[in-house]
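*Asks:* Sequence first, predicted model second:
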Amino acid sequence: MTSWNDTSADAALRSLYAAAVRAADPLAVLAAHLPEPPARGRVIVVGVGKAVAKMAQAVEAAWAHVPLTGLVIAPHGAGLPLSRIALRFGRHPTPDAGGAAAAAEMLALMQGLTGDDLVLALISGGGSSLSTLPAPGLSLEDLIATNQALLDSGAVIGEMNCIRKHLSAFSGGRLAVAAHPARVVTLAISDVPGDDPEVIASGPTVGDPSSFAEARALVARYSMDLPPAVLAHLAAGAEESPKPGDPRLGNTELRMIATPMMALLAMAEAARGLGLTPLILGDALEGEARHVGTVLGGMARSVAAHGLPLPAPCLLLSGGETTVTMEKGTQGAGGRSTECLLSLALTLNGAPGIWALCADTDGIDGKSEHAGAIAGPGSLAAARAKGLDPRALLVAHRSLEVFAASGGLVTTGPTLTNVNDVRAILIT
């Protein structure tokens with residue numbers, strides 16, 4: 001039986017995070033989902049997202065003898081060597097001109113395809129920003145300003161992408177429409193609650209059931225300050241996105257190759273190997289990061305005090321995408337994972353025998369260079385010993401500073417996959 005302390009708990013939580021990332025590694029999971037290459041006709045590989053470089057590498061390895069061409073868009077710094085598929089770069093979470101140009105180039109590749117051709121679309125989270133191509137009448141600057149307003153609004157990912165799809169010339173099914181009448185097979189890695197393909201990277205190859213009216217309602221609900229051209233475009237509602245059932249989408253298929261639940265199941269299996277009983281609370285926990293942290297901390301206290309909902313030693317696992325609503329003028333330091341973790345740590349208030357990890361499976365939490373962090377019974381005291389006020393830093397969205405001071409940061413660099421955030425609470 002493990003004798004748990006800060007060192008062993010830290011090592012265990014880091015190993016569990018690694019298991020989650022491995023479960024979503026395209027080099028391990030993608031090949032089994034590939035369709036049969038066409039008997040005649042071309043194979044065009046396209047894609048966008050944080051995981052797309054590794055997904056493209058996996059396709060080239062599995063189809064070493066299949067003639068293919070194509071183009072994918074990855075975040076700057078997240079490239080891998082590719083021999084037949086062109087690699088372009090865009091910025092995340094703020095769009096840039098490189099991503100817009102690459103999205104236009106990808107649409108151009110779809111011209112002149114026939115029913116004999118196969119378009120293999122590799123889609124993963126982060127694609128909305130990387131392939132930001134403005135609809136007619138809008139500028140890239142308009143969409144950059146809108147993207148920042150969305151990130152600061154507190155809207156959940158599905159709501160943000162509803163608005164994005166109604167400002168785009170690429171997402172919301174438009175890539176698949178451009179490929180018609182070719183067969184389009186999408187291999188997707190989900191980073192969204194519920195694994196909704198319409199939300200992953202704003203669904204460039206699937207029909208969009210949302211409407212301009214819904215997008216306008218969301219802008220009003222969150223009091224978003226958007227550029228005049230964007231507001232005018234939404235008000236006009238001139239050209240709706242392609243909808244489910246559109247005949248131009250009739251020759252499309254989607255295969256989900258990695259999901260948040262798959263990552264949590266891998267963590268649960270690894271936990272059993274450490275002598276821990278895992279409990280998966282869900283893969284779609286949403287809400288303000290600090291509120292989710294408070295709830296998770298309360299559940300951990302219940303386990304420690306009452307052995308409910310299960311006795312220690314155990315591991316509470318959850319996934320999903322929380323939000324951080326930024327007040328005007330607030331810069332912050334850290335992302336949703338460290339903010340959730342700091343709230344959880346404050347709720348526990350140094351309770352003995354409890355450690356927790358909150359981290360993004362893409363290796364990047366918010367705008368930081370870290371995946372997330374680990375907190376233990378002494379984390380808040382370590383931060384206070386260096387003159388920090390953890391509660392004040394939570395209010396200021398500066399959670400990163402607490403875990404930098406306590407030595408709890410988890411730093412991996414880009415993992416080149418993305419199945420949302422994972423959280424693990426170890427109660428001994």
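*Replies:* That came through, no problem.
*Asks:* So which residues of the stretch 151-300 of the chain form helices?
*Replies:* Ranges of helices within the stretch 151-300 of the chain are 157-165, 174-179, 212-221, 228-236, 260-273, 289-306, based on DSSP state H, counting those that start in this stretch.
*Asks:* Determine the next helix or strand in the C-terminal direction from the longest one.
*Replies:* So that's helix 289-306. Next helix or strand after helix 289-306 toward the C-terminus (DSSP states H and E): strand 314-320.
*Asks:* about what we covered before: which one of the helices of the stretch 151-300 of the chain lies closest to Cys358?
*Replies:* helix 289-306 (7.7 Å; CB to CB). All C-beta spots, glycine's among them, are computed from the backbone N, C-alpha and C.
*Asks:* From the opening residue of stretch 318-336 to its closing one, how far?
*Replies:* 14 Å (CA to CA, to the nearest Å).
*Asks:* In it, which residues are buried?
*Replies:* Neighbour counts using 16 or more other CB atoms under 10 Å place Ser318, Gly319, Gly320, Glu321, Thr322, Thr323, Val324, Gly332, Ala333, Gly334, Gly335, Arg336 of stretch 318-336 among the buried residues.
*Asks:* same deal with stretch 89-107?
*Replies:* Buried residues in stretch 89-107, counted by 16+ other CB under 10 Å: 89-96, 99-100, 102-103, 106-107.
*Asks:* How about stretch 146-161?
*Replies:* 146-147, 149-153, 155-161.
*Asks:* what does stretch 375-395 give?
*Replies:* By neighbour count on 16+ other CB under 10 Å, the buried set for stretch 375-395 is Ala375, Gly376, Pro377, Ser379, Leu380, Ala382, Ala383, Leu388, Pro390, Leu393, Leu394.
*Asks:* CA atoms only for it, dumped as PDB, please.
*Replies:* Written as PDB, here are the backbone C-alpha positions of stretch 375-395 (Å, rounded to 0.1, in the frame of the first residue of the first chain):
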ATOM      1  CA  ALA A 375      -2.200  21.600  -5.200                       C
ATOM      2  CA  GLY A 376      -1.600  19.900  -1.900                       C
ATOM      3  CA  PRO A 377      -2.200  20.600   1.800                       C
ATOM      4  CA  GLY A 378       0.800  23.000   1.900                       C
ATOM      5  CA  SER A 379       0.300  24.900  -1.300                       C
ATOM      6  CA  LEU A 380      -1.500  27.900   0.100                       C
ATOM      7  CA  ALA A 381       0.900  28.200   3.000                       C
ATOM      8  CA  ALA A 382       3.800  28.100   0.600                       C
ATOM      9  CA  ALA A 383       2.300  31.000  -1.400                       C
ATOM     10  CA  ARG A 384       1.500  33.000   1.700                       C
ATOM     11  CA  ALA A 385       5.100  32.500   3.000                       C
ATOM     12  CA  LYS A 386       6.200  34.400  -0.200                       C
ATOM     13  CA  GLY A 387       3.900  37.300   0.600                       C
ATOM     14  CA  LEU A 388       1.000  36.300  -1.700                       C
ATOM     15  CA  ASP A 389      -2.700  36.500  -0.800                       C
ATOM     16  CA  PRO A 390      -4.300  33.500  -2.600                       C
ATOM     17  CA  ARG A 391      -7.900  34.700  -2.200                       C
ATOM     18  CA  ALA A 392      -7.100  38.200  -3.600                       C
ATOM     19  CA  LEU A 393      -5.200  36.600  -6.500                       C
ATOM     20  CA  LEU A 394      -8.300  34.400  -7.300                       C
ATOM     21  CA  VAL A 395     -10.400  37.500  -7.500                       C
END
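*Asks:* pLDDT on that stretch, on average?
*Replies:* Stretch 375-395 shows a mean pLDDT of 98.
*Asks:* hmm, who's touching it?
*Replies:* 6, 9-10, 290, 339, 341-346, 348-356, 399, 401-403, 405-408 (CB atoms under 8 Å, 6 or more residues apart in numbering).
*Asks:* and of the helices of the stretch 151-300 of the chain, who's closest to Ala51?
*Replies:* Among those, the nearest to Ala51 by CB to CB is helix 260-273 (12.5 Å).
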